[in-house]
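In: Provided below for reference: sequence and predicted model.
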Amino acid sequence: MDFSKFSRRDFFRLAGAGIAASTVSKVAMAALPEIVSADQANTQSPLQPNTGRPYNPVVTLNGWSLPWRMNKGVKEFHLVAEPVVREIAPGMKAHLWGYNGQSPGPTIEVVEGDKVRIFVTNRLPEVTSIHWHGQRLPNGMDGVKGLTQPPIQPGKTFMYEFEAKRAGTFMYHPHADEMLQMAMGMMGSWVTHPKNPKFMPVDRDFVFLLNAYDIDPGSYTPKVSTMLDFNLWTFNSRVFPGIDPIVVRKNDRVRIRIGNLTMTNHPIHIHGHEFQVAGTDGGWVPASARWPEVTTDIAVGQMRAIEFIANEPGDWAFHCHKSHHTMNAMGHDVPTLLGVKQGDLMKKIGNLVPEYMPMGETGMSEMTEMAEMMDMPLPENTLPMMSGKGQFGAIEMGGMFTTVKVREGLARNDYKDPGPYKHPKGTVAREVVNDLPPVERSGMSVPDGGLEMSVRKPMGDMKH
Ligand SMILES: [Cu+2]
């Protein structure tokens, strides 16, 4: 793993830096695993295990996995709940709460049967706790503030200990002031690898969370009381074009594990391939119980691990099928003006409201082009509603959208963006010009006087 991207902060700096200063004992902190944190939103290379049982690591989309230390046979991790700055996409940063420098927090990877100890240090201004969604564990380790444990006060460190009993994909998030803390970005993925590395092997294994924010253009902090009307629909707290592509080799068996911690469901859709749901947060789906899909709905609090053979080269769209979830901020209160002749109305309004932007007489696409042509300035710290550039022009997407890039001849561990797909000659949709071969007419001809057809009218009440 490329550690140059991380800052390793020692516990003295941690203890001296924040609100925790007076309450964290340096002696106590000295016994804890070193804090590792990330300051970037790029997808990091998989973390190859160098201690403990072997496994095939996952790749966290626009994220990273947390290093651990072995202590007398126990895998020890250190999570720090703290305010973070997350780049949502180039051009926009959000002031969130997260873990170890980012939101979502780092992915935790363990192996079935591992004894795990997770230290959680609270550097937030309020109490927190962590619930380990989907895990089999002693009740008192379940992380529900008030019900199974006292709150973790600001400045304090708690310890969770349990055995990772079941292989699969899990999530972690606070179970204290939950609505606010999740609206602020506190969550992460957890993968328990099977003890037998040959169990359901895949060539490339990706994981990410669906999350959502409501951040007004020009501001940095999410509105924490929003219930449904979020304006940034994100994969791991990133929106397109800030989401990295999912890069795979032709004929790879690919798994993508997707957890939903937003407040609504997301029908996740792949182009050019079919997949099967091979796992949920409840466990692996037996092969005999799977069926083919190109879209799977992921409800709130669910995880779906989809698998497919990537045997069609290309840049395939991979996105939520709710079309307002593939748009960024600003796009949500636009009046429908399809077919409305705005004429010099826009000039008149423009005199009164200088920032007035006319919206779409023929559709929204013209706006994207106009904004580009006029080099229209956006308010500070926000993103165009529909953006992204492809080899054929504007992609006009935002939010929960990325591409699965299937390429021949990549190296085993190569996840770098290979650039736009080079289409074989004659395989791209094109304008019809006068170069089509002549059509052979069928022998059918209409007799003189035309054809007589008799049609029987359906009777009765045809409501449906
Ligand atoms: Cu969606």
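Out: It's in.
In: residue 62 is in contact with residue 44, correct?
Out: No. Counting by C-beta atoms under 8 Å, residue 44 does not reach residue 62; the two are 9.1 Å apart. C-beta coordinates here come from the backbone N, C-alpha and C atoms, glycine included.
In: okay, the two: which has more neighbours?
Out: residue 62 (24 against 21; other C-beta atoms under 10 Å).
In: so what does the more buried one look like in phi/psi?
Out: phi 50, psi 40 (degrees, to the nearest 10).
In: residues contacting it?
Out: Contacts for residue 62 (C-beta atoms under 8 Å, 6 or more residues apart in numbering) come out as 41-43, 208, 235-238, 242-244.
In: 6 Å - rerun?
Out: By C-beta atoms under 6 Å, 6 or more residues apart in numbering, residue 62 lies in contact with 41, 43, 236, 238, 244.
In: pLDDT value on it, please?
Out: pLDDT for residue 62: 98.
In: I'd like the next helix or strand past the host helix or strand of residue 306.
Out: In the assignment (DSSP states H and E), residue 306 maps to strand 303-310. Sequence-wise, the next helix or strand downstream of strand 303-310 (DSSP H and E) is strand 314-320.
In: list the neighbouring strands of that following strand plus their orientation.
Out: On the basis of DSSP bridges, the sheet neighbours of strand 314-320 come out as strand 266-270 (antiparallel), strand 401-407 (antiparallel).
In: including mean neighbour count, mean pLDDT and distance to residue 37, could the ones you listed go into JSON lines?
Out: Below are these laid out as JSON lines (neighbours: other C-beta atoms under 10 Å; pLDDT from 0 to 100; distance: least, C-beta to C-beta, whole Å):
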{"stretch": "strand 266-270", "mean neighbour count": "21", "mean pLDDT": "98", "distance to residue 37": "29"}
{"stretch": "strand 401-407", "mean neighbour count": "23", "mean pLDDT": "97", "distance to residue 37": "25"}
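In: which of the contacts of residue 62 lies closest to residue 217?
Out: Nearest to residue 217, judged by C-beta to C-beta, of the contacts of residue 62 is residue 238 at 17.6 Å.
In: distance of that closest one from residue 254?
Out: Distance, residue 238 to residue 254, using C-beta to C-beta, to the nearest Å: 20 Å.
In: which of the two has more residues huddled nearby?
Out: Neighbours of residue 238 and residue 254, each counted by other C-beta under 10 Å, are more numerous for residue 238; the result is 27 against 22.
In: who's the more buried one bridged to?
Out: Beta-bridge partners, per DSSP bridges, of residue 238: residue 235.
In: out of the strands paired with strand 314-320, which is closest to the ion?
Out: strand 266-270 (3.4 Å; C-beta to the ion).
In: how many other residues sit next to the nearest residue to residue 216 once chain neighbours are set aside?
Out: Once flanking residues are discounted, residue 216 sits nearest to residue 223: 7.1 Å by C-beta to C-beta, 6 or more residues apart in numbering. When neighbours are counted by other C-beta under 10 Å, residue 223 registers 14.
In: okay but residue 223 is in contact with residue 213, surely?
Out: No. Counting by C-beta atoms under 6 Å, residue 223 does not reach residue 213; the two are 8.5 Å apart.
In: what's the pLDDT at the closest residue to residue 65 other than its chain neighbours?
Out: Nearest non-adjacent residue to residue 65, counting by C-beta to C-beta, 6+ apart: residue 47, 4.0 Å away. If you check residue 47, the pLDDT there is 95.
In: what's the answer for residue 154, then?
Out: At residue 154, pLDDT is 98.
In: correct me, but it touches residue 121?
Out: No. With contact defined as C-beta under 6 Å, residue 154 does not count as touching residue 121 (10.0 Å).
In: the more surrounded of these two?
Out: Between residue 154 and residue 121, residue 121 has the larger neighbour count (other C-beta under 10 Å), namely 25 against 17.
In: can you tell me the helix or strand for the more buried one?
Out: strand 115-122.
In: and that strand, what's its mean pLDDT?
Out: Taken as a whole, strand 115-122 carries a mean pLDDT of 98.
In: any buried residues in it, and which?
Out: 116-122 (16 or more other C-beta atoms under 10 Å).
In: rebuild the strands paired with strand 314-320 as a markdown table, extending it with distance to residue 427.
Out: Compiled in a markdown table, the strands paired with strand 314-320 are given as follows (distance: least, C-beta to C-beta, whole Å):
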| stretch | distance to residue 427 |
| --- | --- |
| strand 266-270 | 19 |
| strand 401-407 | 14 |
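In: show me the contacts for the residue nearest the centre of the chain.
Out: Geometric centre of the chain, nearest residue: residue 235, 1.5 Å, by C-alpha atoms, centre = their mean. The neighbourhood of residue 235, defined by C-beta under 6 Å, 6+ apart, consists of 208, 243, 400.
In: near the nearest residue to the first one once chain neighbours are set aside, how many other residues are there?
Out: Nearest residue to residue 208, sequence neighbours excluded (C-beta to C-beta, 6+ apart): residue 61, at 4.0 Å. For residue 61, the neighbour count with other C-beta under 10 Å is 23.
In: what's the answer for residue 294, then?
Out: Neighbourhood size, residue 294 [other C-beta under 10 Å]: 14.
In: okay, it: pLDDT?
Out: Confidence score, pLDDT, at residue 294: 98.
In: what residues are up against it?
Out: By C-beta under 6 Å, 6+ apart, the residues touching residue 294 are 270, 274.
In: got it, and residue 305?
Out: 169, 255, 257, 278-279.
In: again, only using 8 Å
Out: Taking C-beta under 8 Å, 6+ apart, we find residue 305 in contact with 168-169, 255-258, 277-280.
In: then residue 281?
Out: 133-134, 168-171, 259, 302-303.
In: and these, which two are furthest apart?
Out: 168 and 302, at 12.6 Å, using C-beta to C-beta across the contacts of residue 281.
In: run the chain-centre distance for stretch 315-334.
Out: Its chain's average C-alpha position is 13 Å from that of stretch 315-334, according to C-alpha atoms, centre = their mean, to the nearest Å.
In: what mean pLDDT does that stretch get?
Out: Rounded mean pLDDT across stretch 315-334 is 83.
In: for that stretch, buried residues please.
Out: Going by neighbour count (16+ other C-beta under 10 Å), the buried part of stretch 315-334 is 315-320, 322, 325-331.
In: need the three-state assignment for residue 254.
Out: With DSSP: H, G, I helix; E, B strand; the rest coil as the basis, residue 254 sits in strand.
In: and residue 179, which of the three is it?
Out: helix.
In: quick check: chain neighbours aside, which residue is closest to it?
Out: Spatial nearest neighbour of residue 179, excluding adjacent residues (C-beta to C-beta, 6+ apart): residue 224 at 7.2 Å.
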